[in-house]
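S.K.: Got a predicted model here, sequence first, then my questions.
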Amino acid sequence: MRLFSSEFAHNYGTYSFGYCNYCEYEKEDSLSSIYNKGYLPYSGSGDVLRTFYMARSTRIVLPTWEPNSENRRVLRKHENIFERIEHKKEDLDINEDFKEFCLSYFERHHGAHTMPKKRLEHILQEHALTHIVEYKKDGKLAGFVFLASDKNMTHVWFYFYAPDFAQSSFGIWFLLNEAIAAKDSGKKHFYIGTAYGDKSKYKTNFSNLEFWDGDNWVQDKKNKEVKARIHNDHLDLVDTTDTFKIGRDNYFKV
């Protein structure tokens, strides 16, 4: 893997100098080794491929993980209802209906600007996306889950579901069900993305949660440390970007 950094914000008065850390995938790399160093796949620029960014990533240690009482309550809501079909990315028919299903989900839940069609097509090209899980209920499509996966780990990168399930904790159920599938297949870690701000609080409902602190994976009792960081994230927001992204495409522009 090729590691590189990009200059970011600074405060000379306190000798605080920021750099954003990136990792470029090379053919001898495993996804596990990249994720284990705190990196996640970057999908924000159309002219950047096979590149990962370092962030406050979160993961579950699967061998010792068991669903807690709240997890079990959510799992029971959809128990034995859905058919789960896991496809290698290259084996699934990715047609316009597939794309429209995914884009409609993002427009309903996050706003269309967060997932324009070009970004979705970019993600579908990415090396990190290895599998797509299809969920059906009574033969009817219920949702898709995008996975980055190898023999040691699984990352739920994105998920998309039909509007019928919008009020039924379906998103967290997707995560829990995929965590169980990963554990049953002998994986060591299950990654659930970044933990920044209030929108990520739901991830702290997982037991055996670890977060990346820039140097190590940290686990503390009842997730107190990561909850505190999430609570204070609004104090650290800066309205700027690092030099690597300057002049590149930006899918997040409204």
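M.R.: Received, thanks. Numbers count the residues shown, from 1 in each chain.

S.K.: Spit out the contact partners of Ala148.
M.R.: Leu31, Tyr35, Pro41, Ala128, Leu129, Thr130, Thr154, His155, Trp157, Tyr191 (CB atoms under 8 Å, 6 or more residues apart in numbering). Bear in mind the C-beta positions are built from the backbone N, C-alpha and C, glycine included.

S.K.: how much space is there between it and Ser69?
M.R.: Using CB to CB, to the nearest Å, Ala148 is found at 29 Å from Ser69.

S.K.: what do you get for Ser45?
M.R.: 41 Å.

S.K.: So for the two, which sits in the more crowded spot?
M.R.: Ser45 (18 against 6; other CB atoms under 10 Å).

S.K.: That one contacts Gly247, doesn't it?
M.R.: No: if you go by CB atoms under 8 Å, Ser45 and Gly247 don't touch, sitting 9.9 Å apart.

S.K.: Before we move on, what's the pLDDT of the nearest residue to Glu107 once chain neighbours are set aside?
M.R.: Leaving aside its chain neighbours, Glu107 sits nearest to Met115 (7.7 Å; criterion: CB to CB, 6 or more residues apart in numbering). Per-residue pLDDT puts Met115 at 93.

S.K.: and Met115, what does it touch?
M.R.: By CB under 8 Å, 6+ apart, the neighbours of Met115 are Cys102, Leu103, Phe106, Glu107, Tyr251.

S.K.: what do you get for Thr51?
M.R.: Going by CB under 8 Å, 6+ apart, the list of residues near Thr51 reads Tyr22, Cys23, Glu24, Tyr25, Pro41, Tyr42.

S.K.: No further queries at this time; thank you.
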